[in-house]
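Engineer: Pasted the sequence and its predicted model underneath.
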Amino acid sequence: MTAQDRAIQVVNQMFESDFFSQWLGIERLEDNAGKSVLRMTIRREMLNGFGIVHGGVTYSFADSALAFASNSHGRKAVSIETSISHIESLREGDIITAYAEEESLGNKIAVYRVVVKNQHDQTVALFKGTVYRTSKDWEI
């Protein structure tokens, strides 16, 4: 089994029971070892009182990319520290893409960077996540 085949199987298993990511309307564009690319469209119910997307939506979107990328090696990983910088506002109908990439992979700790861009290829958010890699493997 290739690393990409393993990543796809793990993320398939995760996504099947990840009802929040499904509610967000996430579309998986790429699953690979240490990498995840996701896309979604901003809907009306995701807007805050200012008429722009609630920051928690963008955060959750990036966090899902982190989860998929960090578990893609086949070991269960959970976030222990995350942060986000919101750079541009988003509105209903905007299409955003998250690009999660591994920056450091250790036996117990791994670090990921997620860049979120809009349909005009503008960076709208930067997310950093640190995960703890457990000793448990995904059963695939």
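Structural biologist: That came in fine, so what should we check first?
Engineer: The chain: helices as residue ranges?
Structural biologist: 3-16, 19-24, 55-71 (DSSP state H).
Engineer: Using JSON lines, lay out these together with distance to Leu38.
Structural biologist: Glycine gets a C-beta too; all of them are placed from N, C-alpha and C. Formatted as JSON lines, the helices of the chain follow (distance: least, C-beta to C-beta, whole Å):
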{"stretch": "helix 3-16", "distance to Leu38": "10"}
{"stretch": "helix 19-24", "distance to Leu38": "8"}
{"stretch": "helix 55-71", "distance to Leu38": "5"}
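Engineer: Highest mean neighbour count across these, which stretch is it?
Structural biologist: Ranked by average neighbour count under the criterion mean count of other C-beta atoms under 10 Å, the helices of the chain are headed by helix 55-71 at a mean of 23.
Engineer: which helices and strands sit right next to it?
Structural biologist: If you count contacts as 3 or more C-beta pairs under 8 Å, 6 or more residues apart in numbering; DSSP states H and E, helix 55-71 packs onto helix 3-16, helix 19-24, strand 35-41, strand 75-86, strand 95-105, strand 109-117, strand 123-137.
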